[in-house]
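Colleague: got a sequence here, can you model it:
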Amino acid sequence: MSFRTPTPATAGLPRLIAGGLLRYGLILALIAVFAVFSAATPTFLTLANLQSILVNNFTLLVIVSIAMTFAVASGGIDLSVGTAMDFASFAFVSLVLTGKPVAIAALAGLAAGALVGAFNAFLISGIGVSPFLATLGTLFIGRSVQQLLTNGGNPVYLPPNGVPDAFRFLGHGAIAGFPTPLAIAIVVIAAAAVVFARTRFGRVILSIGIQPGVVRYSGIAAPAHVAVTFILVGMIAAIAGLILTATVTTYIPSSGNAFLLNAIGATFIGTTLSPLGRPNVGGTVLGALLLGIVANGLLLTDLNFYWQQVGTGTLIFAVLALSFINRKAAGSV
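Modeller: Numbering: from 1, shown residues only. Take a look at the predicted model:
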């Protein structure tokens, strides 16, 4: 029996297939999930439901995920993005309740998010605590502070007849035909893409995440860049907190933590769009869209809430596992 020696073309075919799956696996997963839910429930493809996916399932998640992308790109992680959302929401509602202009209240909310990021920056860049432990501590501290500020976790409501028009516009208005929350999300996505692709700061952050030793020996002030990154993460998460508050006209303590795990999932799913497994804005956006579609589709199928969480977790695991297998195969073929 003779064995045929693979020609260069046939030998390179497995590598080509593996590379294609690695590069486009996330897009294929999006198409597959979209097709499954389209067949499973007739209401999935309606215009009203597609709009609901973008506004209710995608907008807030993608903003928080963009914040997480900055943290992961710098070689760390931020477990306190929900805390930044909550502090921004509390500051926003509190000032609106006292009659302050919505613009001033919004700026205070952004400052509150930046304060959370600055605290993380002090722990990470100033003291040298690892990002995981620093932001985990901030998460616990933030949860306790919110309990103290609200007498044990009571929501803070805005009276229905006392909501300013500018406040209502932020949550339910429209800009150039787009719902205001979605328009803001698009601006955040575009700004983040420009930072990573066109600015020295973005390139340095990515370099710190990939080769921190090289950056350190090149004379770049890596701790300062990391500090700025975590302050920026807090501010971006605060934007999501402001939108959430304007949408439900209520501050609910620790509600921002509901976005934490999905934001981590969207960010790491997004790394599969990069051949080198790096965080990137485009991948994060598709990852958030994928999770938003799954959340909406599972809800339409009337699955129990806990089964929805199982489905989401299984999807995240499957996409990441497939990426790892394909990346390993592409490197060994």
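Colleague: relative to Phe122, how far out is Gln147?
Modeller: Distance, Gln147 to Phe122, by C-beta to C-beta, to the nearest Å: 23 Å. Every residue, glycine included, has its C-beta placed from N, CA and C.
Colleague: please verify my assumption that Ile175 contacts Ala183.
Modeller: Yes: counting by C-beta atoms under 8 Å, Ile175 does reach Ala183; the two are 4.1 Å apart.
Colleague: quick one: the strands in the stretch 51-200 of the chain?
Modeller: Per DSSP state E, counting those that start in this stretch, the stretch 51-200 of the chain has strands spanning 156-157, 174-175, 178-179. These are given in chain order.
Colleague: mean pLDDT for these: which is lowest?
Modeller: Among these, strand 156-157 has the lowest mean pLDDT, at a mean of 90.
Colleague: check the offset of that strand from the chain's centre.
Modeller: 26 Å (C-alpha atoms, centre = their mean, to the nearest Å).
Colleague: who does that strand touch, helix- and strand-wise?
Modeller: helix 81-97, strand 250-251 (3 or more C-beta pairs under 8 Å, 6 or more residues apart in numbering; DSSP states H and E).
Colleague: make JSON lines out of the ones you listed and add mean neighbour count, mean pLDDT and distance to Leu273.
Modeller: Formatted as JSON lines, these follow (neighbours: other C-beta atoms under 10 Å; pLDDT from 0 to 100; distance: least, C-beta to C-beta, whole Å):
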{"stretch": "helix 81-97", "mean neighbour count": "27", "mean pLDDT": "96", "distance to Leu273": "21"}
{"stretch": "strand 250-251", "mean neighbour count": "20", "mean pLDDT": "93", "distance to Leu273": "35"}
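Colleague: nearest to Asn49 among the ones you listed would be which one?
Modeller: For those, proximity to Asn49 was assessed by C-beta to C-beta; strand 250-251 is nearest, at 24.9 Å.
Colleague: contact partners of the following helix or strand past the closest one?
Modeller: Next helix or strand after strand 250-251 toward the C-terminus (DSSP states H and E): helix 260-270. Contacts of helix 260-270 from elsewhere in the structure, counted by C-beta atoms under 8 Å, 6 or more residues apart in numbering, are 26, 61-62, 64-65, 67-69, 72, 77, 79, 81-82, 279-288, 290-291, 312, 316, 319-320.
Colleague: swap in 7 Å and give it another go.
Modeller: Residues outside helix 260-270 that contact it (C-beta atoms under 7 Å, 6 or more residues apart in numbering): 26, 61, 64-65, 68-69, 72, 79, 81-82, 279-280, 283-284, 286-288, 290-291, 316, 319-320.
Colleague: thinking again about what came up before, out of the strands of the stretch 51-200 of the chain, which is the most enclosed?
Modeller: strand 178-179 (a mean of 17; mean count of other C-beta atoms under 10 Å).
Colleague: Provide the contact partners of that one at residue level.
Modeller: With C-beta under 7 Å, 6+ apart as the test, strand 178-179 has contacts from Val55.
Colleague: got a list of what Gly137 touches?
Modeller: Taking C-beta under 7 Å, 6+ apart, one finds nothing in contact with Gly137.
Colleague: what about it, distance to Ala240?
Modeller: From Gly137 to Ala240 the distance is 22 Å (C-beta to C-beta).
Colleague: tally of neighbours for the residue lying closest to Val163 once chain neighbours are set aside?
Modeller: The shortest distance from Val163 to any non-neighbouring residue, by C-beta to C-beta, 6 or more residues apart in numbering, is to Thr249 (5.7 Å). For Thr249, the neighbour count with other C-beta atoms under 10 Å is 18.
Colleague: ramachandran angles for Thr249?
Modeller: Main-chain dihedrals, Thr249, degrees, to the nearest 10: phi 50, psi 40.
Colleague: tell me the confidence at it?
Modeller: Confidence for Thr249, expressed as pLDDT, is 91.
Colleague: isn't it up against Asn161?
Modeller: No: using C-beta atoms under 7 Å, Thr249 is not in contact with Asn161; the gap is 11.2 Å.
Colleague: which residue packs closest to Val195, ignoring adjacent ones?
Modeller: Going by C-beta to C-beta, 6+ apart, Val195 has Gly202 as its nearest residue, at 4.4 Å.
Colleague: that neighbour contacts Phe196, doesn't it?
Modeller: Yes: between Gly202 and Phe196 there is a contact at 4.0 Å, judged by C-beta under 7 Å.
Colleague: quick one, helices of the stretch 201-333 of the chain?
Modeller: Taking DSSP state H, counting those that start in this stretch, the helices of the stretch 201-333 of the chain run over residues 212-217, 222-248, 260-270, 281-300, 305-332.
Colleague: would you turn those into a markdown table with mean neighbour count?
Modeller: What follows is these, written out as a markdown table (neighbours: other C-beta atoms under 10 Å):
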| stretch | mean neighbour count |
| --- | --- |
| helix 212-217 | 13 |
| helix 222-248 | 25 |
| helix 260-270 | 24 |
| helix 281-300 | 23 |
| helix 305-332 | 15 |
